[in-house]
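Novice: Generate coordinates for the sequence data below:
(chains A and B)
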Amino acid sequence: MAHPILAGAPGEKHLLLGNEAIVRGALEAGINVVTCYPGTPSSEVPDTFHRLKDGSYYFEYSVNEKVAMEVAAGAALGGALTLVTMKHVGVNVAADPLLTMTYTGLPGGLVLLSADDPGCHSSQNEQDNRYYARLAGMPCFEPASAQEAKDMTREALLLARKTEQPVMLRTTTRVNHLRGPVAFDVRPEPAKIVDFNRDPRRFVPVPAVARVRHGELLKSLEAIREVAENSQWNVVRGEGKVGIIASGIARSYLSDVLAEQGWADKVSVLELGMSWPLPVKLIGDFLKSVEKVIVIEELEPILEKEVRAMVQEMGLNVPVFGKCEYLTVQGEYTTTSIQMALAGHLGANAASPVCFEGEEGLPVRPPNLCAGCSHRAVYYTVRQLFGDDAYYSSDIGCYTLGILPPLKMADFLFCMGSSVSSGCGFSRSSGKDVLAFIGDSTFFHSGITGLVNAVFNKHDVLLVVLDNGTTAMTGHQLNPGVDANVLGDACVHLDIESIVRGCGVSEVAKVKPFNLKATLKTFEEMKAKSGVRVIIAEEPCILYARRALKLNRPQTAYVAEQGPETDRVLNEFACPAFYRDEAGVQVDESLCSGCMVCMQISKNFKARKRSA
Amino acid sequence: MERIRIYMTGVGGQGTLTATTLLARTALDQGLDVVSGEIHGMAQRGGVVESTVLLGGWKSPKISHGEADIVLGFEPLETLRGLPYLAKGGSVISNTEPLPPVGVSCGRDTYPAMEHITERVKGCSAKCWFLPCRTLGLEAGSVQAGNIVLLGALCASGLLPFGPEALESAIRKYLKPTLVDMNLKAVALGVSKLAG
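Specialist: Numbering: from 1, shown residues only, chains lettered A, B, ... in the order given. Next up is the predicted model:
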């Protein structure tokens, strides 16, 4: 039976993840093309498209967000209704084509999903991409529930096609990763491919064209402002004299607070689900109807500043409140923070409802490299050989978790693909030995350009490509390095070693990380050299090997002898399958993957057949 | 109906999210309004996984400190860590079998004593139950089934507007056929543990 997201009939209600709801919304618009680079919290959108592929749309995992954006823009120019997905920091990578494609416009229709991450649940920063909507000139939708995620995706795509204007669908982690009931509508045939009418005076933005097109963009946004003024997503509720303007998931938090505290009849609420272009008439009328206004939005005070400006322009005497002690620029909002912030304005008690304050000093449980992860074997080897004498330039991926003691294999990090280039800069200025680590997917994403630069400018860096054969951190997505048998007919496997050599690196070696002795020998040889050196450490991600490649290791490790040496392995290798009980150090068989690295470190560890 | 907020916490790899989705689907099949959320960004095994199921008309998928009517702890240390989420008069159902964090295994940290955890839980909850989920899961057929033992107990607790039968039909409907019998057994074990 076909999956409900593909085959579900109108009126059916299914429990969907916000990200799955986005997929259904795209299908209900008649999506033709989807491109992406995976990144939490966006990843389940492309993953669902990939899993469900039924021939009605083209899907690809692109090598980075800029490429995804360019392929998508080309597709939309060629007439396809197109969705391109990425996380918030991915939009930085894609910003270059993005800020010009809004000038040309895209006749097929293009929606950019930007999945922002207030609270940095899985990201290196918490930037607010509503700024990009304004910077690039894109209408912006901000869903707050699974149902809205579906409905707004469809509406955004249809608006993009109708106006030929790229549209942003801006979500946040809580929206991407919530589950709620979604009532389905009709899934039509795929959208008609729009004919491309050659028009260099529109689609080739040389300066003379760009000047004109900027004006066209502004006109187009002004026309779309009318859509926002009348949008079903921009609504006023209640008749109280205290006004609240809310956007994004904060709308849900607010709604729960008002219901829970019985405050609904004390306030008027303006919810902005389509938040750009700003519906100024709607907001203006709202401002005139209240005595004061409180703006509730996560991250930057963007709406707040706009409302303040409107109050000034309109010559109103309405105090505006926004960012404050409880509603900060940092992190996520909560029902509690909104309740505390509103209490003062409503003359209510702001007592916190907490009954247990929490306990200090509980053992932490940070995410860790898995038991049997080959990165741990590489890191162990590197630490044995280089210790704290070298500096470690890390990158974005599972291997960043090597930051934890005892491995401590990350001294600095900026963004996807930065390990090579930042490592070069660091070694140039500090004169220190630098090892840079990068994964296979990240290497294809934007590591290659850094490597080309390293060779060209004669930098001194040892780059370790931690090739686990998949994009592991985000959930095992395809990249050009993935095993040819897994890739399927639509893709071609690319060989990392050939690329590295093709970039002009002559000092290249390959290691199998689970062979500690040979790995150590290779690192020793490379340590003795200088210039750009690359070691490719090849071993499939243990979870991927089990799930996708159906590889299971028949053996498990056990501790044959206790003693200081066994303790040393526990403390220096720190595999999560190790634990300590009254008898000493033990190996949890259900966690041990049978990588056999611990028994190469010490004879106190031995292998045996797995119990049934 | 009364609106209920359930906060679930455990360790990556335990099946906490599978249990969360199953519970949300069970509720939806019972005609309840449901919203559920999860935080698992650094999707590695061994990190803390937190999730929520909210029944009866809530819009937000998030639960703040002091708001959970029920805390469901898939691992005892995480139950203790999750206690600030419990509302006054709320209930706790927890696994009693620890998964020690690496810091504890290496001797850098000390795992709190089980008596300490149960005492803290009793001190701030109206009702609480403790079950050896790993052992019961193994009895049902796999360590992984321990999460369903806990769900079975929750459904038998009388705290929800539906009982174990609703969970059983969801298991038949949504789990792979090969996993159904084992998980039905896990539900039964959770239910009987609560009765006994």
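
Novice: Now for chain B, the helix or strand with the poorest mean pLDDT.
Specialist: Lowest mean confidence among the helices and strands of chain B (mean pLDDT, DSSP states H and E): helix B:102-105, at a mean of 86.

Novice: Any idea how far the helix or strand following that helix is from the middle of the chain?
Specialist: Scanning the chain past helix B:102-105 towards its C-terminal end, the next helix or strand to appear is helix B:114-124 (assignment: DSSP states H and E). The chain centre lies 17 Å from the centre of helix B:114-124; the measure is C-alpha atoms, centre = their mean, to the nearest Å.

Novice: How about residues contacting helix B:114-124?
Specialist: Taking C-beta atoms under 8 Å, 6 or more residues apart in numbering or on different chains as the criterion, the residues outside helix B:114-124 that touch it are A:355-356, A:359, B:76-77, B:79-80, B:83, B:86, B:92, B:94, B:96, B:98, B:128, B:130. C-betas here are computed from N, CA, C, even on glycine.

Novice: May I see the buried residues of the helix or strand following it?
Specialist: Proceeding C-terminally, helix B:114-124 gives way to strand B:127-131 as the next helix or strand, assigned by DSSP H and E. Counting neighbours by 16 or more other C-beta atoms under 10 Å in any protein chain shown, one finds that the buried residues in strand B:127-131 are B:128-131.

Novice: what two of those have the greatest distance between them?
Specialist: Between any two of those, the greatest separation by C-beta to C-beta is 10.9 Å, found for B:128 and B:131.

Novice: Need the overlap of contacts for these two.
Specialist: Here residue B:128 and residue B:131 share the contacting residues B:93-94, scored by C-beta under 8 Å, 6+ apart.

Novice: quick one: stretch B:87-105 near chain A?
Specialist: Yes: with C-beta under 8 Å from any C-beta of the partner chain as the criterion, chain A is reached by stretch B:87-105 at B:87-88, B:90, B:100-105.

Novice: can you name the two of those that are farthest apart?
Specialist: Greatest spacing in those, by C-beta to C-beta: B:88 and B:105 (35.8 Å).

Novice: rewinding a little: dump the residues of stretch B:87-105 next to chain A to a markdown table, plus neighbour count.
Specialist: Compiled in a markdown table, these are given as follows (neighbours: other C-beta atoms under 10 Å in any protein chain shown):
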| residue | neighbour count |
| --- | --- |
| B:87 | 24 |
| B:88 | 12 |
| B:90 | 26 |
| B:100 | 20 |
| B:101 | 26 |
| B:102 | 24 |
| B:103 | 19 |
| B:104 | 20 |
| B:105 | 24 |
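
Novice: Can you tell me which of the residues you listed lies closest to residue A:444?
Specialist: Taking those together and measuring to residue A:444 by C-beta to C-beta, the closest member is residue B:102, at 31.2 Å.

Novice: Ends of stretch A:40-60, what's the gap?
Specialist: Stretch A:40-60 has its terminal residues 17 Å apart, counting by C-alpha to C-alpha, to the nearest Å.

Novice: roughly how far out does it sit from the chain middle?
Specialist: Centroid separation for stretch A:40-60 versus its chain: 15 Å, with C-alpha atoms, centre = their mean.

Novice: cool, and stretch B:89-108?
Specialist: Its chain's average C-alpha position is 13 Å from that of stretch B:89-108, according to C-alpha atoms, centre = their mean.

Novice: Also stretch B:31-39?
Specialist: Using C-alpha atoms, centre = their mean, the mean C-alpha position of stretch B:31-39 is found 14 Å from that of the whole chain.

Novice: Now it: buried residues?
Specialist: Within stretch B:31-39, judged by 16+ other C-beta under 10 Å, the buried ones are B:32-39.

Novice: Kindly report the same for stretch A:170-182.
Specialist: By neighbour count with 16+ other C-beta under 10 Å, stretch A:170-182 contains the buried residues A:170-182.

Novice: quick one: that stretch near chain B?
Specialist: Yes: using C-beta under 8 Å from any C-beta, we find that stretch A:170-182 touches chain B at A:173-174, A:177-181.

Novice: Quick one: those residues as CSV, columns for pLDDT and secondary structure too.
Specialist: Converted to CSV, the residues of stretch A:170-182 next to chain B look like this (pLDDT from 0 to 100; DSSP: H, G, I helix; E, B strand; the rest coil):
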residue, pLDDT, secondary structure
A:173, 97, helix
A:174, 96, helix
A:177, 96, coil
A:178, 97, strand
A:179, 97, strand
A:180, 98, strand
A:181, 97, strand
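
Novice: Which strand or helix spans residue A:482?
Specialist: Of the helices and strands defined by DSSP H and E, none includes residue A:482.

Novice: Tell me what angle the biggest strand by length in chain B forms with strand B:127-131.
Specialist: Counting by DSSP state E, the longest strand found in chain B is strand B:86-95. Regarding strand B:86-95 and strand B:127-131, their directions subtend 20 degrees when assessed with axes from the mean of the first three to the mean of the last three C-alpha atoms, to 10 degrees.
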